[in-house]
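J.: Structure of the sequence below:
(chains A and B)
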Amino acid sequence: MSLGKLAERLLHLVPVLLGVSVIVFLMMALTPGDPVDIMIGDQNVTPEQEQAMREDLGLDLPVHRQFFVFLGNAVQGDFGTSFYHRRPVLDVIVERLPATIELSLVALIIALVTAIPLGVLAAIRRNSILDKMATVGSLLGVSLPGFWFGILLLMLFAVHLQLLPVSGRIGFDSEIEPITHFLLIDTLLRGRPDAFWDAFKHILLPAITLGLPMTAILMRVTRTSMLEVMRQDYIVFAEAKGLKRGRILFRHALKNALIPTVSVAAIETGSLLGGNMIVETVFGWPGLGRLVVESVFLRNYPLVQAAVLFYAVTYVLLNFIADILYTTLNPRVKL
Amino acid sequence: MVRLGRVLFATAAALGVSLSAVQASELRVGFTLDAMTLDPANHRNRETETIIRNMYDGLVTRDGDMKVVPEIAESYELVSPTVYDFRIRDGITFHDGSPLTAEDVRFTLERLTAEGAMGDGQTSPRKSLLGPVESIEVRDGNTVRITLSEPWPILPAMLPFQEIVSKAFVEKVGTEGLATQVNGAGPFKLVDWRKGDAIIMERFEGYYGGAPSIEPVGKACVERAIFKIIPESASRVAALLSGDVDIINELPPFSVEQVKNNPGTDVMTVNGTRSFFVAMNMEGELFSNPKVRQAAAHAIDKDLIIDRILGGNAARIEGILSPDAFAASTDLPVYEYDPEKARALLAEAGYPDGVEVTMDTVGAYKDIAEAVASLLTKGGFNTRVAVGEGAQMTQKWRTKGGPKSGDMYFTSWGNGSLDPFDIFTPTHRTNDRGNSAGYSNPEVDRLLDEAAVELDTEKRAALYRKAEQIVNAELPYLYLWVPQDIYGVSKRLKGWRPSADSRINLHDACVD
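T.: Modelled structure (predicted):
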């Protein structure tokens, strides 16, 4: 792809982000509920004090003025101050980001390494028991609510078998000075295999819960596309030539069959972000998803605004990556 | 399949081996929400308060019976209706070893109450919790004088919520630094704050011992104390059952049996400070009729709901006050459960065929509101429950004098100070901020206003009791119950009990 095309795609981000900001702002404004009321709760506050709190949070302006203030600051990289943390929202979000990215990546890896072999196996052993089990399994995988499945895993592995921890990112005896803020990497860089193992045990259940629906989808995609490729003339020709089956499968079929899998995986990575909100809440994972859920309930407008913008950017970029991957893997398609 | 089984087993065994035993004197609390900041003056959040309060002490605190007792203050006295003197205890040091002086106390209170005192023109969001505090000065070296702009008898009851900071430290690190660094005078020092995950604290060896009237006095019992943040209640219960934590807050009533039946865990309860009630819109035609309100009161079987739905974890109330609150009456008339009588009263009021009403509430209260509604329906009020979002309900029902729509509102009001000033006044005074019934009685207004400034405790209690008799007879609300806070605890936990003000003080807690 040429640089010009790249720039064009990046420019598309601008209207998307503007649209998202307007929508989020409108939704927050239309959602009943006032942050100051929530903050005051049942406590004794005079109307003057309440007004002062409102001014302090910038909520005394009419909504459209609030929006333009937000927009003006946002283009300068200032997303405002979190009502509750009373610090710049960007700082608060950045602190929580590594945990979320780490969890999403591990979930993605789990999904890829289970979905692709299963999908291929289901395709080449079509209508076998294994294929049927995989079909039922993927149906369950997409249908099971992450919230329920997560609790189930917790009860089994943490409470009954006591094999894995219930929540958190790492145990309290594994103090690690951060380098990259990805604990699985930092523990290794610091030469602490015990802490790595600890962090790994912590991430396992949330990553499986988060990755499950994606695994199911990718498996189905791989299976379908593998079946399709296997019917192609060049495969039939290769078989007729008497090539070894393994060679046909891995050299000729799989490479082509994986094209849709890869681009679906890139797009689905975006949905991992949505799943994060639930999984992080269930497993007490200190990431961005949980922060956003908390912030919505507390009507912490600036934080929700900035976080949704971040999600939007990520989505757009992932779609972009999906496109690039698709064209790279499939030279017949040009962007 | 056999081989797969072996692999799984081997993996399981490997995982099991590395399960480390919990350290001998480490106490972990599974807690609902992380602190928003560690600056005692820069938040407005109960969970943040609970966490911070283990590292910072206040001028005063509350004992097990919720009585306000001196902590950093040695004693305090009321000099005049608007002047309090707090004498500061000698020999208290902050975590960095520097002595705590009256000047630190003055600085703390100034930072909380003066406009722009947080730096950068910021004012503490906790300012309004200290009401009419006008000035703070140090006298004779170790006495701090607080002057109020008007009499405000609940000052001591509000001071346990404010923690004393070190002036020198705040000046060194600034408000920004204080958000993540702690130099308090409390029983625990901050070790690490893993944001969103945990707050790790260790015992402060130089602790002065805490309030002398609360045994035991001395250093904290455990070496390490940790607040582990687990927002989802099912996960919090799982953490307790697996032995990962020793205390959990907000144990859901439906998990009580499970925690009780588990050999290593138990349930502890304490009367909370939140009163539940149903507001009847007295601005509407239907509920402006006292007979209709009485009918509704007779239609509700509080004991049944407390037993069957709240698992017995609530105390019934006949007025707005918790049984533990200051001036709570014990002899208020009871509206017995009697659906026949309810229907008869409705008929007398001109509704022989009953009435259709809607009861608003929020999602969290839906189940219990449905139960109340079904009882009301039996009593002739054909009640539909409408669930709305919390803040939306606040706008509809807490109109501060603005016109109200709707029939009934199932809601609650918290009363952390356990003083009627904080709950009776807002819910019953004409047009006050929590008066969702639209109730207005000049006599009650007068009693509440007088009680607010009455300094003689006995007289003050008498005023509130009189007001409670009146509202019990006039029934702007169906007074229901005060739920208990339910905690799940490990049986290895000793010396800790839950506190009615929802604080979790770990100073006296030990683990076997």
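
J.: Now for residue 28: which residues touch it?
T.: This is for chain A. A:M28 sits next to A:299, A:301, A:304-305 when contact means C-beta atoms under 8 Å, 6 or more residues apart in numbering or on different chains. For every residue, glycine as well, the C-beta is placed using N, CA and C.

J.: Not quite, go with chain B.
T.: B:R28 sits next to A:172, B:22, B:225-228, B:244-247 when contact means C-beta under 8 Å, 6+ apart.

J.: Ramachandran angles for it?
T.: Here is the backbone geometry of B:R28 (degrees, to the nearest 10): phi -120, psi 140.

J.: Helix or strand: which one has A:P15?
T.: Assigned by DSSP states H and E, A:P15 falls within helix A:3-30.

J.: now that helix: how far from the chain's centre is it?
T.: Taking C-alpha atoms, centre = their mean, to the nearest Å, the mean C-alpha location of helix A:3-30 is offset from the chain mean by 19 Å.

J.: Give me the buried positions along it.
T.: Buried residues in helix A:3-30, counted by 16 or more other C-beta atoms under 10 Å in any protein chain shown: A:9, A:20-21, A:24-25, A:28.

J.: What is the nearest of the contacts of B:R28 to B:D63?
T.: Taking C-beta to C-beta as the measure, B:D63 sits nearest to B:I247 out of the contacts of B:R28, at 19.5 Å.

J.: Among the buried residues of helix A:3-30, which one lies nearest to chain B?
T.: Nearest to chain B out of these is A:M28 (C-beta to the nearest C-beta; 11.5 Å).

J.: where's that closest one relative to A:V63, distance?
T.: A:M28 sits 9 Å away from A:V63, taking C-beta to C-beta, to the nearest Å as the criterion.

J.: can you tell me which residues contact A:L71?
T.: A:S21.

J.: returning to what we had before: what mean pLDDT does the helix holding A:P15 have?
T.: For helix A:3-30, the mean pLDDT works out to 84.

J.: and after that helix, which helix or strand comes next?
T.: helix A:35-40.

J.: Would you mind identifying the next helix or strand past that next one?
T.: Once helix A:35-40 ends, the next helix or strand along the chain (criterion: DSSP H and E) is helix A:47-56.

J.: And the contacts of B:R28, which is closest to A:M155?
T.: Nearest member of those to A:M155, counting by C-beta to C-beta, is B:D244, at 13.1 Å.

J.: if I read this right, A:L273 contacts A:G287, doesn't it?
T.: No - with contact defined as C-beta atoms under 8 Å, A:L273 does not count as touching A:G287 (10.0 Å).

J.: Looking at these two, which one has more neighbours?
T.: Set A:L273 next to A:G287 and count neighbours by other C-beta atoms under 10 Å in any protein chain shown: A:G287 wins out with 28 against 22.

J.: before we move on, back to that, could you pull out the residues contacting both of A:L273 and A:G287?
T.: Counting by C-beta under 8 Å, 6+ apart, the common neighbours of A:L273 and A:G287 are A:T100.

J.: circling back to that earlier point, would you format the contacts of A:M28 as JSON lines with secondary structure, pLDDT and neighbour count included?
T.: Output for the contacts of A:M28, formatted as JSON lines (DSSP: H, G, I helix; E, B strand; the rest coil; pLDDT from 0 to 100; neighbours: other C-beta atoms under 10 Å in any protein chain shown):
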{"residue": "A:R299", "secondary structure": "coil", "pLDDT": "85", "neighbour count": "23"}
{"residue": "A:Y301", "secondary structure": "helix", "pLDDT": "88", "neighbour count": "25"}
{"residue": "A:V304", "secondary structure": "helix", "pLDDT": "91", "neighbour count": "24"}
{"residue": "A:Q305", "secondary structure": "helix", "pLDDT": "89", "neighbour count": "22"}
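
J.: contacting residues around the residue in the stretch 51-200 of chain B that chain A sits nearest to?
T.: Per C-beta to the nearest C-beta, B:G196 is where the stretch 51-200 of chain B lies closest to chain A, at 2.9 Å. For B:G196, the contacting residues are A:95-96, A:99, A:286-287, A:290-291, B:34, B:229, by C-beta under 8 Å, 6+ apart.

J.: Could you pull up phi and psi at it?
T.: Note on B:G196: its backbone torsions stand at phi 80, psi -10 [degrees, to the nearest 10].

J.: pLDDT score assigned to it?
T.: So, for B:G196, pLDDT stands at 89.

J.: quick revisit: save the contacts of A:M28 as TSV, and put in distance to chain B too.
T.: Below are the contacts of A:M28 laid out as TSV (distance: C-beta to the nearest C-beta, whole Å):
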residue	distance to chain B
A:R299	7
A:Y301	12
A:V304	14
A:Q305	17
